[in-house]
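S.K.: Coordinates only, no sequence provided:
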């Protein structure tokens with residue numbers, strides 16, 4: 001019987017890939033935020049990349065798109081220590097982070113216990129994760145990072161075994177061999193990810209036209225405890241199936257679970273843009289490109305850049321679209337809609353889901369290539385931009401929300 005030749009799996013020294021925490025590893029984390037999100041089952045975007053060159057600096061500040069939560073990521077090429085644990089907690093409190101991720105070569109047992117204690121004592125308000133990073137290599141292949149969640153909230157459980165990409169094929173990851181030193185840094189090939197299982201709640205709709213992330217949070221309905229088996233269950237099932245359908249499209253969705261909202265958003269290729277599916281309270285289902293770069297002038301500039309190509313974009317899309325300038329609001333949107341309600345029969349909901357999947361994919365196909373130019377136009381519209389002289393480091397006090405009173409500044 002012929003036996004296929006097997007390669008030898010080696011563990012590579014992290015320092016052979018990333019020389020510096022601040023100038024190599026932290027930037028890699030920021031540039032590969034989708035890989036971190038994939039491990040945690042979150043859809044993340046980078047808000048700021050601030051290498052830890054001082055005690056008041058953070059490595060990566062991100063946002064959970066689907067729940068609009070602040071995510072703090074601290075990265076270390078060495079094993080964890082007490083000093084960085086204290087720094088992690090201080091940064092989390094100062095930045096009011098909802099998710100805290102400690103990424104390191106090794107998490108010592110006492111620090112895993114500390115993360116478990118923090119998760120128990122915070123009543124779920126903040127979720128703490130510990131991720132061990134390794135770099136693996138099969139024979140002379142490109143090195144690949146292996147990210148393993150080793151500490152997490154009790155409610156977060158894994159639903160997949162680690163899988164590594166090697167030469168285009170997915171292969172199970174056995175226990176690695178002893179450390180092998182590499183002669184020179186090599187490009188990183190792929191990530192190994194695990195994912196949590198689906199959640200179990202969803203929420204009621206907000207007001208008016210498409211229920212955007214901001215609008216849905218501002219106009220939320222009763223809690224799941226008040227209405228556990230009706231609209232919440234319907235929203236959960238609808239968006240969970242929508243998410244599963246779109247996860248079949250490479251690169252479209254990272255998250256694994258639906259969230260408690262009457263809408264669901266997906267990352268677009270440029271920061272400040274999202275593809276959103278939603279129900280409103282007026283009996284309509286929406287699929288849209290949602291534009292919010294954080295500033296009204298930037299949003300309008302990006303919107304106008306796209307609207308200048310309206311005829312070509314609608315022709316490629318295949319139907320007229322609603323170009324919503326967002327009068328009186330910060331965000332703008334380009335949307336398609338149809339009649340529909342979450343309380344309609346199951347057959348109708350299946351039809352709405354298929355329609356939403358189709359329209360979201362149309363937005364993705366038609367608009368994605370135009371978004372970087374629209375984002376560039378938006379930057380040009382702002383008179384004052386962050387100073388280009390900064391090397392990338394920024395203090396915590398510059399990231400605090402205006403309502404935070406701990407610094408004594410407005």
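M.R.: Great, that's in hand. If you're wondering where the values come from, they're calculated on a predicted model, not measured in any experiment. Numbering: from 1, shown residues only.

S.K.: When you work out contacts or count neighbours from here on, use the C-alpha atoms and nothing else.
M.R.: Will do.

S.K.: Identify each buried residue in stretch 293-309, please.
M.R.: Within stretch 293-309, the residues scored as buried using 16 or more other CA atoms under 10 Å are 293, 296-307.

S.K.: what sits up against that stretch?
M.R.: Residues outside stretch 293-309 that contact it (CA atoms under 8 Å, 6 or more residues apart in numbering) are 271-273, 291-292, 323, 325, 330-333, 370, 373-375, 377-379, 381-382.

S.K.: Now, the residues you listed that are in helices?
M.R.: Judged by DSSP state H, those include 373, 374, 375, 377, 378, 379 as members of helices.

S.K.: Redo those residues as TSV? Include neighbour count, distance to residue 354 and pLDDT.
M.R.: Listed next are those as TSV, based on neighbours: other CA atoms under 10 Å; distance: CA to CA, whole Å; pLDDT from 0 to 100:
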residue	neighbour count	distance to residue 354	pLDDT
373	14	30	93
374	22	29	93
375	24	30	91
377	20	34	89
378	22	33	87
379	18	36	86
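
S.K.: Could you point out which of those residues is nearest to residue 338?
M.R.: Nearest to residue 338 among the ones in helices among the contacts of stretch 293-309: residue 374, at 27.0 Å, using CA to CA.

S.K.: Three-state assignment for the closest residue to that closest one other than its chain neighbours, please.
M.R.: In space, and not counting its chain neighbours, residue 374 is closest to residue 302: 4.6 Å by CA to CA, 6 or more residues apart in numbering. Three-state call for residue 302 (DSSP: H, G, I helix; E, B strand; the rest coil): helix.

S.K.: doesn't residue 153 make contact with residue 129?
M.R.: Yes: Residue 129 is in contact with residue 153 according to CA atoms under 8 Å; the separation is 7.2 Å.

S.K.: Compare these two (neighbour count), which wins?
M.R.: Comparing residue 129 with residue 153 by other CA atoms under 10 Å, the one with more neighbours is residue 129, at 22 against 18.

S.K.: and that one, what pLDDT?
M.R.: At residue 129, the model reports a pLDDT of 94.

S.K.: same deal with residue 65?
M.R.: pLDDT, residue 65: 79.

S.K.: and it, how many neighbours?
M.R.: Counted with other CA under 10 Å, residue 65 comes out at 19.

S.K.: before we move on, what about residue 346?
M.R.: Applying other CA under 10 Å, we find 12 residues neighbouring residue 346.

S.K.: Would you map the strands across the stretch 1-150 of the chain?
M.R.: Here the stretch 1-150 of the chain has its strands, by DSSP state E, counting those that start in this stretch, at 9-12, 44-49, 60-64, 69-75, 99-104, 127-138, 144-151.

S.K.: Now tabulate the ones you listed in JSON lines and tack on distance to residue 313.
M.R.: Shown next, in JSON lines, are these (distance: least, CA to CA, whole Å):
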{"stretch": "strand 9-12", "distance to residue 313": "48"}
{"stretch": "strand 44-49", "distance to residue 313": "26"}
{"stretch": "strand 60-64", "distance to residue 313": "29"}
{"stretch": "strand 69-75", "distance to residue 313": "32"}
{"stretch": "strand 99-104", "distance to residue 313": "38"}
{"stretch": "strand 127-138", "distance to residue 313": "41"}
{"stretch": "strand 144-151", "distance to residue 313": "39"}
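
S.K.: do you know which of the ones you listed lies nearest residue 21?
M.R.: When the strands of the stretch 1-150 of the chain are compared by CA to CA, strand 69-75 sits nearest residue 21, at 7.2 Å.

S.K.: quick check: domain ranges of the protein?
M.R.: The record, using automatic domain parsing to delimit domains, assigns the chain the ranges 9-180, 213-380.

S.K.: Low-confidence stretches in the protein?
M.R.: Under the criterion pLDDT under 70, the flagged ranges of the chain are 1-2, 49-57, 122-124, 157-230, 251, 253-256, 258-260, 383-410.

S.K.: again, only this time at 50
M.R.: Within the chain, the ranges that satisfy pLDDT under 50 run 51-56, 158-229, 384-410.

S.K.: wait, which of the strands of the stretch 1-150 of the chain is closest to residue 340?
M.R.: Between residue 340 and these, the tightest spacing by CA to CA is seen for strand 60-64, at 28.1 Å.

S.K.: Each with direction, which strands does the closest one pair with?
M.R.: strand 44-49 (antiparallel), strand 69-75 (antiparallel) (DSSP bridges).

S.K.: Comparing those, which comes out most buried?
M.R.: strand 69-75 (a mean of 23; mean count of other CA atoms under 10 Å).

S.K.: and for it, what are the contacting residues?
M.R.: Contact with strand 69-75 is made by 21, 25-26, 29, 58-64, 88, 92, 96-104, as judged by CA under 8 Å, 6+ apart.

S.K.: and the longest helix seen in the chain, what other elements does it pack with?
M.R.: Secondary structure of the chain per DSSP H: the longest helix is helix 346-367. Applying 3 or more CA pairs under 8 Å, 6 or more residues apart in numbering; DSSP states H and E, we find helix 346-367 packed against helix 231-246, strand 273-279, strand 284-291, helix 310-317.

S.K.: export these to CSV and tack on mean neighbour count and distance to residue 83?
M.R.: Putting the helices and strands packed on helix 346-367 into CSV (neighbours: other CA atoms under 10 Å; distance: least, CA to CA, whole Å) gives the following:
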stretch, mean neighbour count, distance to residue 83
helix 231-246, 20, 40
strand 273-279, 26, 38
strand 284-291, 25, 40
helix 310-317, 14, 53
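
S.K.: mind giving me TSV with those and columns for distance to residue 70?
M.R.: Listed next are the helices and strands packed on helix 346-367 as TSV, based on distance: least, CA to CA, whole Å:
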stretch	distance to residue 70
helix 231-246	22
strand 273-279	17
strand 284-291	19
helix 310-317	34
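
S.K.: just so I know, which of the ones you listed lies nearest residue 354?
M.R.: Between residue 354 and those, the shortest gap by CA to CA is with helix 231-246, which sits at 8.1 Å.

S.K.: what angle sits between the following helix or strand past the closest one and strand 273-279?
M.R.: Once helix 231-246 ends, the next helix or strand along the chain (criterion: DSSP states H and E) is strand 263-267. For strand 263-267 against strand 273-279, the angle by axes from the mean of the first three to the mean of the last three CA atoms, to 10 degrees is 160 degrees.
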